[in-house]
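[1] next input, structure requested:
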Amino acid sequence: MTGESEGATADPARHEGGCLCGAVRYVVRGPLRPVVNCHCSQCRRFHGHHGAYSGAARGNVTFTSEAGLRWYRSSPIARRGFCGICGASLFYDRDGRDFLAVAAGSLDQPTGLRTVRHIFTADRADYYEISDGLEQLPGSILTSGTGA
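    Model prediction:
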């Protein structure tokens, strides 16, 4: 995941999102970070393709329904949130950070967000090219760890 505040939207609006079946619904109050596409093997397996993540300060995210919310410890440094009922992938939560990455596709439209970069491009799948002209990083701008 790239820096929490880098390029964050200035819009303090309320954003809502959730899973496919509605068993998980959340509200973000305050700015959302622009979207970063993560091509690491964990994101590809979790999402079925690359992971497109926005995110917000943890304290700005509240749940209005979390009956289906499940967490999976995907590495020694992070866990991933998903709906245990419909299987929708929703969150990336790196330990020790006051920031929660939110799967951009789980946000209700319109989001007003834009994609700004690709990370872990050295790990991308062999069946597609990245040709949108956005910044590409072979890893993350974080100094250690993996994930969005």
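
[2] low-confidence stretches in this structure?
    1-12, 141-148 (pLDDT under 70).

[3] give me the number of residues near Arg73?
    Other residues lying near Arg73 total 11 when counted by other Cβ atoms under 10 Å. Where you see a C-beta, it was placed from the backbone N, CA and C, and this is true even at glycine.

[4] nearest residue to it other than its sequence neighbours?
    Leaving out its chain neighbours, the residue that sits closest to Arg73 by Cβ to Cβ, 6 or more residues apart in numbering is Arg79, at 4.9 Å.

[5] which element is the closest residue to Thr64 other than its chain neighbours on?
    Leaving aside its sequence neighbours, Thr64 sits nearest to Arg25 (Cβ to Cβ, 6+ apart; 4.6 Å). In the assignment (DSSP states H and E), Arg25 maps to strand 24-29.

[6] re earlier: how near is the residue nearest to Arg73 to Gly87?
    16 Å (Cβ to Cβ, to the nearest Å).

[7] pull the number of nearby residues for Gly22.
    The tally of other residues near Gly22 (other Cβ under 10 Å) stands at 13.
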